[in-house]
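Asks: Give me the fold of what follows.
(one chain, ligands or ions: 1)
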Amino acid sequence: MHASLPQSASFSASGPLNGQAAVPGDKSISHRALMLSALAVGESRVEGLLTGEDVLATAAAMRAMGATIERGEDDVWRIYGVGVGGLLQPETALDMGNSGTSTRLLMGLVASHPITATFTGDASLSKRPMNRVIEPLSLMGADVTASPGGRLPLMLRGISPAVPIGYRLPVASAQVKSAVLLAGLNTPGITRVIEPVATRDHSERMLKGFGAELSVEQDADGARIISIRGEAELRPQHIVVPGDPSSAAFPVVAALLVPGSEVTVTNVGLNPTRAALFDVLRMMGGDIAFINAREVGGEPVADIVVRYSSLKGIETPVETVAAMVDEYPILFVAAALAEGRTVARGLEELRVKESDRIAVMAEGLRAIGARVEELEDGLIIDGTGGDRLPGGATIAARLDHRIAMSFAVAGLVSKAPVVIDDMSPVATSFPVFAALMTGLGAEIA
Ligand code: S3P
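Replies: Numbering: from 1, shown residues only. All right, here's what the predicted structure looks like:
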């Protein structure tokens, strides 16, 4: 993947952002829609699918394992699945590009099929830890040969029948949870995942929607116990993918920070396991309203109206880290412009995302003149109280879309331009980012 060449771009102090925009489909839901449709027997239709590189990597992999996946001229995707248990041996390595979600969820699917697949990825993905999925999938009987440190490239030999397990997640990770549940789909009996900290529940919702027998209970300590009965028969579905809250985060924070802005972001998924950023921004004093609340494809959705606000620093809640795990980079930018100190902790998982987002954000924010202290598990940021940042630096995006977009937004509230060395990673999740921001009035050169 990452066919595109590095593209640098410069972001400068912007006049007010105004207007209405719709963000592309949710990345997490798009991956799952393709995977489950590819396992249902018959034609599923998916509307609003994100056509970012990460999701296209999932589509290519499901095709390589036998599914037929077509994008219609009406932008409706039609998927003809192979049935649970029907995945075919891919003839070549599965190129996962930059996508951790594709890799970990597909490893789960392959684990309980009698096929072998090799997973490769770009330089960022090849640094990310895979032992967190290798461990439970090995307990189920899969055989994995990974590169040193449990990294890509790796070869996974699945097994059928696999062994059902009860697995307590050692890290709060929806990808690990989903890998085990997807492996459980073609495993006889009941596979259980115990999740001490709730993470995004799109897999559970969609598995149920496709007709899998899945239940969620809570134990005495409040942990979620998710049980799935295997050898399920999935029924084809019509899925409408809501807009991605993780993408909406960028225009929302930009509108909060640029004086005089008022922006409406339409059709944003607000699943409570995803939407904590908006609560935290409100706690900081952000003027954010949800209108036209409705349900789309089994997920809560609303339009977000956001106005320029004077933000105040806060201690970010640790209970909701998982519900905004991808949004900390852009939250740190908001904190850098807030009045007073923001302390964000409990974020060790940020160090193993597309980049080490704690280190990369600390370094980049300092380079553009913000006051930041790096902690092992987070950042302390002393904000400007609304004054523009000095800016005037080039930021290395390091194959991390959210780093690129966060500093792009920072450029809109900096005195001197902020240059991003390579915006091409943005195509993994938000291909129309620059056009959308320009449409709202942002200055991009
Ligand atoms: C995702 C889960 C999260 C998130 C990622 C998407 C998913 O990763 O950061 O962008 O779709 O399941 P972890 O499971 O590593 O927390």
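
Asks: interface residues of the stretch 51-200 of the chain facing the ligand?
Replies: For the stretch 51-200 of the chain, the residues in contact with the ligand (CB under 6 Å from any ligand atom) are 101, 173-175, 178, 200. The way it works is simple: take the backbone N, C-alpha and C, and place the C-beta from them, glycine included.

Asks: If we use 8 Å, what do you get?
Replies: 100-101, 104-105, 132, 171-178, 199-200 (CB under 8 Å from any ligand atom).

Asks: what's around residue 317, how many residues?
Replies: By other CB atoms under 10 Å, the residues close to residue 317 number 15.

Asks: which SS state does it fall under?
Replies: Here residue 317 is recorded as coil under DSSP: H, G, I helix; E, B strand; the rest coil.

Asks: mind listing what the closest residue to it other than its chain neighbours touches?
Replies: Nearest non-adjacent residue to residue 317, counting by CB to CB, 6 or more residues apart in numbering: residue 280, 7.0 Å away. Contacts for residue 280 (CB atoms under 8 Å, 6 or more residues apart in numbering) come out as 314, 316-317, 320, 324, 331.

Asks: out of the residues you listed, which are buried?
Replies: Burial by neighbour count, 16 or more other CB atoms under 10 Å: within the contacts of residue 280 this picks out 314, 316, 320, 324, 331.

Asks: Looking at the residues you listed, which is nearest the ligand?
Replies: The closest of the buried ones among the contacts of residue 280 to the ligand turns out to be residue 324 (CB to the nearest ligand atom; 10.0 Å).

Asks: Show the end-to-end separation of stretch 300-317, please.
Replies: 23 Å (CA to CA, to the nearest Å).

Asks: coming back round to it: narrow the buried ones among the contacts of residue 280 to those in helices?
Replies: The helices, defined by DSSP state H, take in residue 331 from these.

Asks: Out of the buried ones among the contacts of residue 280, which are close to the ligand?
Replies: Under the cut-off given by CB under 8 Å from any ligand atom, the ligand has nothing from the buried ones among the contacts of residue 280 close to it.

Asks: And the furthest pair within the buried ones among the contacts of residue 280?
Replies: Based on CB to CB, the longest span within the buried ones among the contacts of residue 280 runs between 314 and 324 and measures 13.1 Å.

Asks: List the contacts of the closest residue to residue 89 other than its chain neighbours.
Replies: Leaving aside its sequence neighbours, residue 89 sits nearest to residue 115 (CB to CB, 6+ apart; 4.2 Å). Contact analysis of residue 115 by CB under 8 Å, 6+ apart lists 65, 87-90, 158.

Asks: do the same with residue 253
Replies: 281, 330-331, 333-334, 409.

Asks: Could you dump those residues into a markdown table with pLDDT added?
Replies: Formatted as a markdown table, those follow (pLDDT from 0 to 100):
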| residue | pLDDT |
| --- | --- |
| 281 | 99 |
| 330 | 99 |
| 331 | 99 |
| 333 | 99 |
| 334 | 99 |
| 409 | 98 |
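
Asks: Could you report the pLDDT at the nearest residue to residue 310 once chain neighbours are set aside?
Replies: Distance criterion CB to CB, 6+ apart; nearest residue to residue 310, sequence neighbours excluded, is residue 386 at 5.6 Å. Note for residue 386: predicted pLDDT of 97.
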